[in-house]
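A.B. asks: next input, structure requested:
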Amino acid sequence: MKAIWNGATLAESDDTVIVEGNHYFPPESLKSEYFTASDKHTTCAWKGVASYYTVSVDGETNEDAAWYYPSPKSAAEHVRGRVAFWRGVQVVA
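C.D. replies: Model (predicted):
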């Protein structure tokens with residue numbers, strides 16, 4: 001699977017975990033030069049507190065376009081540290 005935004009491949013892996021229709025990529029599959037930690041956090045009732053990354057490619061920014069669970073609840077342990085995308089990031093095979 002690949003996560004693509006603004007013509008750049010943000011992440012690529014054959015080892016994604018699908019939860020609620022979202023592909024969660026392993027952290028080592030991310031191209032770190034495109035990611036900056038965000039101050040945004042949200043809470044999911046069964047997964048726990050999510051943290052976010054802002055994505056920047058060629059001078060364009062996509063705020064909070066990726067999220068992950070650094071310390072998920074036990075029901076979501078299988079996505080610990082893995083990163084999922086939204087806000088226009090395409091995830092394709």
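A.B. asks: buried ones in stretch 58-69?
C.D. replies: 62, 64, 65, 66, 67, 68, 69 (16 or more other Cβ atoms under 10 Å). C-beta here means a position set from N, CA and C on the backbone, and glycine is covered the same way.
A.B. asks: show the backbone phi and psi for the second one.
C.D. replies: In this entry, residue 64 is assigned phi and psi values of phi 50, psi 40 (degrees, to the nearest 10).
A.B. asks: which pLDDT value belongs to it?
C.D. replies: In the predicted model, residue 64 carries a pLDDT score of 98.
A.B. asks: skipping adjacent residues, who's closest to it in space?
C.D. replies: Once flanking residues are discounted, residue 64 sits nearest to residue 52: 4.2 Å by Cβ to Cβ, 6 or more residues apart in numbering.
A.B. asks: isn't that neighbour up against residue 69?
C.D. replies: No: counting by Cβ atoms under 8 Å, residue 52 stays clear of residue 69, with 10.9 Å between them.
A.B. asks: adding secondary structure, write the buried residues of stretch 58-69 out as JSON lines.
C.D. replies: Output for those, formatted as JSON lines (DSSP: H, G, I helix; E, B strand; the rest coil):
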{"residue": "62", "secondary structure": "strand"}
{"residue": "64", "secondary structure": "strand"}
{"residue": "65", "secondary structure": "strand"}
{"residue": "66", "secondary structure": "strand"}
{"residue": "67", "secondary structure": "strand"}
{"residue": "68", "secondary structure": "strand"}
{"residue": "69", "secondary structure": "strand"}
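A.B. asks: farthest pair within the residues you listed?
C.D. replies: 62 and 69 (19.8 Å; Cβ to Cβ).
A.B. asks: what's the local residue count around residue 2?
C.D. replies: 16 (other Cβ atoms under 10 Å).
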